[in-house]
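**Student:** attaching a predicted model along with its sequence, questions to come.
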Amino acid sequence: MSSLDAASSMMAHYVPRAHIVQCSSFGAQSCANGAKATVSSFRRITLGMPSVPAAPKSSGVSTLAATVSAMVSFCQICRRGRRISRHTKKCLHANPSRADLFGSPPRSHVHEFPEPDSRAPPNGKTAIVIGAGVGGLAIAGRLARAGFSVTLLEKNESAGGRMRSEIFNGDDLAGHRFDTGPSLLLFPEKYREAFAALGAVMEDHVQLARVEPTAMRVHYAEDATTLDLLYDAEAMRRQLEEVEPGAGQQYFRWLGDARASLDLGLKAFIEQDSTSALDFVDLTRVGPLALAVNPILLLGPQTWQLATHFSSNKIKALFSYQHLYVGLRPQNAPGVFSLLAATEITDGIWYPVGGFATVRYALVRLAEAHGVLTRYGSEVSAILVDENKAATKSDNQRRIKGVQLASGELLTADVVVANPDLPYVYESLLEGQYTGVEQEAKQICEDLEYSCSMIEFCWSLKAPLSELTQHNVFLSSDYEGSWDRPCTVADFRERDSFNFYVHRPLYTDSSASPAGEDNVMIELPIGNELERAEAAKKAGLSAPESDDELVAAARDAMIRQFERMGYGKSTDGQSTDGGMASLIKGECVVKPSDWEKRYNVKHGAVFGLSHGLLQLACFRPPRQTGIPSLDAQKVEGLHFVGASTRPVN
């Protein structure tokens with residue numbers, strides 16, 4: 001979400017209002033028409049649901065009856081698929097089985113898609129976008145539609161950044177498609193707004209399936225049981241009551257607060273940029289949120305907030321596992337992050353049929369339709385800045401000139417948008433370009449906190465693993481200590497169990513695996529490079545252990561945890577000779593160092609900078625707090641988009 005929202009914020013400076021007004025009106029139009037379609041046993045809905053009614057803006061928690069009524073209305077909406085596209089034309093999606101290692105679109109397939117709305121006349125200005133990730137693609141297309149002459153520079157041989165659907169080489173993996181980056185789609189309306197800003201209707205290009213009836217299944221190592229995150233309010237209440245008497249009623253109260261955090265928090269700090277520390281006390285901005293939810297519970301650790309509603313560790317874990325997505329832990333994440341669980345329950349979790357590559361293919365098509373020139377294999381070595389030290393106004397001291405490629409080629413531009421991880425931009429691309437930039441880079445790279453790194457296993461399976469839904473979180477029996485990321489081989493050998501995420505697309509999309517087989521993608525958070533180096537030092541190791549050593553230990557740990565849950569049996573219910581290990585047909589691994597090499601993420605931190613309270617909103621770089629000693633220097637014409645910049649993901 002961050003890349004699309006950051007693109008929207010930047011475009012407010014460059015795109016005439018006539019070209020962005022569609023974003024605000026699109027949601028109202030989207031509720032106009034309805035239709036329902038069925039794929040296998042799951043509803044494939046070509047549009048998401050209309051917004052759930054906002055939580056009451058009272059100082060206390062909304063009444064149980066009102067909340068139940070809202071939830072029942074929501075569930076009824078969920079059962080009715082709705083479609084807005086009245087002019088959808090024939091859409092032949094790329095055959096996912098033809099994707100290569102980096103997910104390049106097949107060349108031999110014919111696509112018939114409607115042309116986007118026309119662009120503005122050329123304005124005589126040039127723009128360079130560095131990095132063809134999702135944010136880079138979105139902003140490149142919007143700038144081109146606004147009349148800029150846009151060049152999009154990508155160091156790799158395909159677009160999309162970490163948004164990939166891949167099929168790896170090897171007979172054991174043949175026919176299996178893995179989403180190796182994003183694997184669940186939240187906030188579909190934000191994607192619709194991005195497509196609308198490109199003059200298109202998302203449903204003409206991407207087909208969404210709502211993941212149901214179970215949005216997420218949580219697998220507890222404590223006693224080998226599971227709990228499901230369900231859209232059905234009554235089913236959810238009954239499930240929680242079985243774990244903790246009274247938890248069903250508390251669930252509705254908690255959900256009212258969480259939904260208020262979502263609706264009002266988005267408006268206050270995500271849908272608009274934050275450029276001053278005073279934003280946190282601006283009553284026109286934060287007043288509605290503070291009146292709806294206790295500010296102490298919003299800003300304090302999420303563990304505090306959940307403890308006011310639930311006693312069971314299982315239930316508290318069910319509503320806080322989402323921190324796996326952003327590299328936080330419930331003990332230090334602000335309570336406002338309950339909005340992640342709220343959107344999963346009330347807005348739903350979605351999946352683009354055919355894999356996430358269909359989203360990036362669509363953004364590439366639309367950008368190119370508006371005239372964006374995309375150059376692959378074009379690595380940028382420097383962002384060029386003209387510094388006028390004699391200028392009296394600090395804002396006019398530095399102005400963008402263009403970029404230099406690794407080949408030595410120079411390209412000039414009026415606007416440069418940097419999509420790579422922001423720490424990398426400051427440390428490597430802006431080095432030496434203006435006075436004080438080295439100090440800024442040092443502060444970002446050394447003083448700020450980073451998210452986790454990750455080992456990713458892609459396993460093809462010989463038979464369906466039916467105990468899993470599409471989205472699964474495995475939680476350790478140590479509900480608190482397990483959030484300390486494993487950093488050494490000894491951690492994997494000595495700990496009983498771990499927290500990790502498992503994606504099984506066959507639950508919704510039968511095209512992900514050959515008939516009779518299955519596949520899973522496992523994302524195991526581990527310490528980033530800084531954390532692993534510190535752990536190695538404490539353990540008396542001369543250096544951090546190699547990727548291969550960590551991967552081998554992690555693989556054994558994952559298999560052990562699957563088998564302790566009772567998973568890895570044959571279809572007749574009998575354990576296979578080798579347990580879970582014998583069910584694995586093929587494997588491909590994305591190692592910790594691969595993330596940094598492919599995507600320039602500092603310290604291998606896959607989610608970029610961490611999302612603690614002092615690294616959100618105006619405190620997220622480039623800082624704009626209104627406090628000169630804290631704020632980053634401005635370069636006119638230079639903008640950022642991506643996970644490590646404002647307004648965050």
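**Tutor:** All right, it came through fine.

**Student:** what about Gly246, how many neighbours?
**Tutor:** Burial of Gly246 is recorded as 12 neighbouring residues (other CB atoms under 10 Å). (Each C-beta comes from the backbone N, C-alpha and C, glycine too.)

**Student:** equivalent analysis for the one 5 residues further on, please.
**Tutor:** Residue crowding around Tyr251 was assessed by other CB under 10 Å; the count is 25.

**Student:** and for Lys125?
**Tutor:** A count of nearby residues for Lys125, using other CB under 10 Å, gives 16.

**Student:** okay but Leu524 is in contact with Val502, surely?
**Tutor:** No. Taking contacts as CB atoms under 8 Å, Leu524 lies outside contact range of Val502: 9.6 Å.

**Student:** for Ala66, report the pLDDT, please.
**Tutor:** Listed pLDDT for Ala66 reads 38.

**Student:** where does the residue nearest to Ser378 when sequence neighbours are not counted sit: helix, strand or coil?
**Tutor:** The shortest distance from Ser378 to any non-neighbouring residue, by CB to CB, 6 or more residues apart in numbering, is to Leu153 (4.5 Å). Using DSSP: H, G, I helix; E, B strand; the rest coil, the structure places Leu153 in strand.

**Student:** where does Leu153 land on pLDDT?
**Tutor:** pLDDT recorded at Leu153 is 98.

**Student:** Asn472 falls within a helix, correct?
**Tutor:** No. Asn472: not assigned to a helix; according to three-state DSSP it is strand.

**Student:** isn't it up against Arg504?
**Tutor:** Yes. Between Asn472 and Arg504 a contact is recorded at 6.8 Å, counting by CB under 8 Å.

**Student:** quickly list the domain ranges of the protein.
**Tutor:** 2-47+82-121+177-209+352-369, 379-449+609-640, 453-599 (automatic domain parsing).

**Student:** out of these, flag the one nearest Val129.
**Tutor:** domain 379-449+609-640 (4.7 Å; CB to CB).

**Student:** that closest one: end-to-end distance?
**Tutor:** Start-to-end span of domain 379-449+609-640 (CA to CA, to the nearest Å) is 17 Å.

**Student:** avg pLDDT for that domain?
**Tutor:** pLDDT averaged over domain 379-449+609-640 gives 87.

**Student:** run a quick neighbour tally on Leu143.
**Tutor:** 29.

**Student:** typo on my end, it should be Lys597
**Tutor:** Close neighbours of Lys597, defined as other CB under 10 Å, add up to 10.

**Student:** and the helix or strand where it lies, what does it pack onto?
**Tutor:** Using DSSP states H and E, Lys597 falls within helix 592-599. Secondary-structure packing of helix 592-599 (3 or more CB pairs under 8 Å, 6 or more residues apart in numbering; DSSP states H and E): strand 453-461, helix 529-538, helix 547-564.

**Student:** just name the most buried of those.
**Tutor:** The highest mean neighbour count among the helices and strands packed on helix 592-599, using mean count of other CB atoms under 10 Å, belongs to strand 453-461: a mean of 24.

**Student:** quick one: mean pLDDT for that one?
**Tutor:** The average pLDDT within strand 453-461 is 96.

**Student:** and that strand, which strands flank it?
**Tutor:** strand 518-526 (antiparallel), strand 584-590 (antiparallel) (DSSP bridges).

**Student:** low-confidence ranges, the stretch 101-250 of the chain, go.
**Tutor:** Low-confidence segments of the stretch 101-250 of the chain (pLDDT under 70): 101-111.

**Student:** and the strands in it?
**Tutor:** Ranges of strands in the stretch 101-250 of the chain, per DSSP state E, counting those that start in this stretch, are 126-130, 149-154, 165-166, 178-179, 208-210, 214-220, 225-230.

**Student:** okay, the domains of the chain in JSON lines with distance to His309 next?
**Tutor:** Listed next are these as JSON lines, based on distance: least, CB to CB, whole Å:
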{"stretch": "domain 2-47+82-121+177-209+352-369", "distance to His309": "23"}
{"stretch": "domain 379-449+609-640", "distance to His309": "21"}
{"stretch": "domain 453-599", "distance to His309": "16"}
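
**Student:** and the closest residue to Ser149 other than its chain neighbours, how many neighbours?
**Tutor:** Ranked by CB to CB, 6+ apart and with sequence neighbours excluded, the top spatial neighbour of Ser149 is Thr126, at 4.8 Å. Using other CB under 10 Å, Thr126 has 17 neighbouring residues.

**Student:** what about the closest residue to Ala554 other than its chain neighbours, distance to Leu506?
**Tutor:** What sits nearest to Ala554 in space, not counting adjacent residues and going by CB to CB, 6+ apart, is Ile455, at 5.0 Å. Distance, Ile455 to Leu506, using CB to CB, to the nearest Å: 22 Å.

**Student:** could you do Asp232 as well?
**Tutor:** Distance of Asp232 to Leu506, given as CB to CB: 22 Å.

**Student:** could you do Gly408 as well?
**Tutor:** Taking CB to CB as the measure, Gly408 falls 48 Å from Leu506.

**Student:** what mean pLDDT does the helix holding Lys597 get?
**Tutor:** Here the average pLDDT along helix 592-599 is 94.

**Student:** then stretch 131-138 to CSV, C-alphas only?
**Tutor:** The C-alpha trace of stretch 131-138 is given here as CSV (Å, rounded to 0.1, in the frame of the first residue of the first chain):
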residue,chain,number,x,y,z
GLY,A,131,13.2,1.6,-10.0
ALA,A,132,10.2,-0.1,-11.6
GLY,A,133,8.7,-1.4,-8.4
VAL,A,134,5.0,-1.0,-7.8
GLY,A,135,5.4,2.6,-6.6
GLY,A,136,7.7,3.4,-9.5
LEU,A,137,5.3,2.0,-12.0
ALA,A,138,2.4,3.8,-10.5
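
**Student:** what's it in contact with?
**Tutor:** 2-4, 6-7, 129-130, 140, 152-156, 159-163, 194, 197-198, 359-360, 363-364, 367, 374, 376, 417-420, 599, 641-642 (CB atoms under 8 Å, 6 or more residues apart in numbering).

**Student:** now the buried members of those.
**Tutor:** 2-4, 6-7, 129-130, 140, 152-156, 159-163, 194, 197-198, 359-360, 363-364, 367, 374, 417-420, 599, 641-642 (16 or more other CB atoms under 10 Å).

**Student:** for the stretch 201-350 of the chain, what spans make up the helices?
**Tutor:** Taking DSSP state H, counting those that start in this stretch as the test, the helices found in the stretch 201-350 of the chain are 233-243, 247-265, 283-292, 295-299, 302-307, 313-318, 323-326, 338-346.

**Student:** closest to Gly566 out of these?
**Tutor:** So among the helices of the stretch 201-350 of the chain, helix 313-318 is nearest, using CB to CB, at 17.6 Å.

**Student:** could you name the helices and strands sitting against that closest one?
**Tutor:** Applying 3+ CB pairs under 8 Å, 6+ apart, we find helix 313-318 packed against strand 214-220, strand 225-230, helix 233-243, helix 302-307.

**Student:** span of stretch 399-416 from start to end?
**Tutor:** Length of stretch 399-416, first residue to last, CA to CA: 10 Å.

**Student:** hmm, who's touching that stretch?
**Tutor:** Around stretch 399-416, the neighbours that count as contacts under CB under 8 Å, 6+ apart are 14, 125-130, 143, 148, 151, 153, 378-386, 388, 635-639.

**Student:** cool, stretch 310-323 as well?
**Tutor:** When contacts are defined by CB under 8 Å, 6+ apart, stretch 310-323 is touched by residues 216, 218, 220, 222, 225, 227, 229, 240, 243-244, 247, 250, 254, 258, 302-303, 306-307, 329-330, 333, 337-338, 340-341, 344, 473, 475, 479, 483, 499.

**Student:** thinking Leu328 is in contact with Leu609, fair?
**Tutor:** No. The pair Leu328 / Leu609 is not scored as a contact, 11.3 Å apart, by CB under 8 Å.
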